[in-house]
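K.L.:
no sequence on hand, only this structure:
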């Protein structure tokens with residue numbers, strides 16, 4: 001059974017930093033990309049960042065580019081999201097996800113990912 005286990009969420013003041021972690025427990029065959037999405041209250045889930053497992057290529061939403069950094073530790077089957085200069089509008093539940101293919105064009109969509117974590121709450125106070 002595959003599980004994605006997120007951690008690292010919490011309450012932080014605007015301008016602060018947090019690091020989220022997501023560990024893949026179990027085996028997933030044929031996957032090559034891990035990503036973070038987020039969902040704010042009353043809004044749809046949106047793409048935040050993705051990293052290609054082999055080679056480490058990354059992709060970011062414009063809203064987080066320059067503030068967030070996604071990385072992975074292949075040996076630990078773990079992906080991280082370092083979030084800096086946090087804003088109140090970053091408040092959301094953050095989800096990690098695993099997908100099979102790296103997109104060569106266009107923005108990653110939820111449908112690109114077959115496995116999801118339960119989410120971790122990030123709250124940024126003003």
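P.N.:
Perfect, thanks for sending it. All of these numbers come straight from a predicted model, not from anything done at the bench. Numbers count the residues shown, from 1 in each chain.
K.L.:
phi and psi next, for residue 85.
P.N.:
phi 50, psi 50 (degrees, to the nearest 10).
K.L.:
correction: the previous question concerned residue 123.
P.N.:
Summarising the backbone geometry of residue 123 under the convention degrees, to the nearest 10, its torsions are phi -120, psi 130.
K.L.:
that one - nearest residue in space that isn't next to it in sequence?
P.N.:
Residue nearest to residue 123 in three dimensions, not counting chain neighbours: residue 11, with 4.7 Å by Cβ to Cβ, 6 or more residues apart in numbering. (Each C-beta comes from the backbone N, C-alpha and C, glycine too.)
K.L.:
cool, and residue 90?
P.N.:
Distances taken as Cβ to Cβ, 6+ apart place residue 124 nearest to residue 90, at 5.1 Å, with adjacent residues excluded.
K.L.:
partners of that neighbour in the sheet?
P.N.:
Note on residue 124: beta-bridge partners by DSSP bridges are residue 12.
K.L.:
what's the span of stretch 36-51 from first residue to last?
P.N.:
9 Å (Cα to Cα, to the nearest Å).
K.L.:
name the surrounding residues that touch that stretch.
P.N.:
With Cβ atoms under 8 Å, 6 or more residues apart in numbering as the contact definition, stretch 36-51 has outside contacts at 20, 22, 33-35, 57-61, 64, 68-72, 79, 81, 89-97, 99, 102-103, 107-110, 119, 122.
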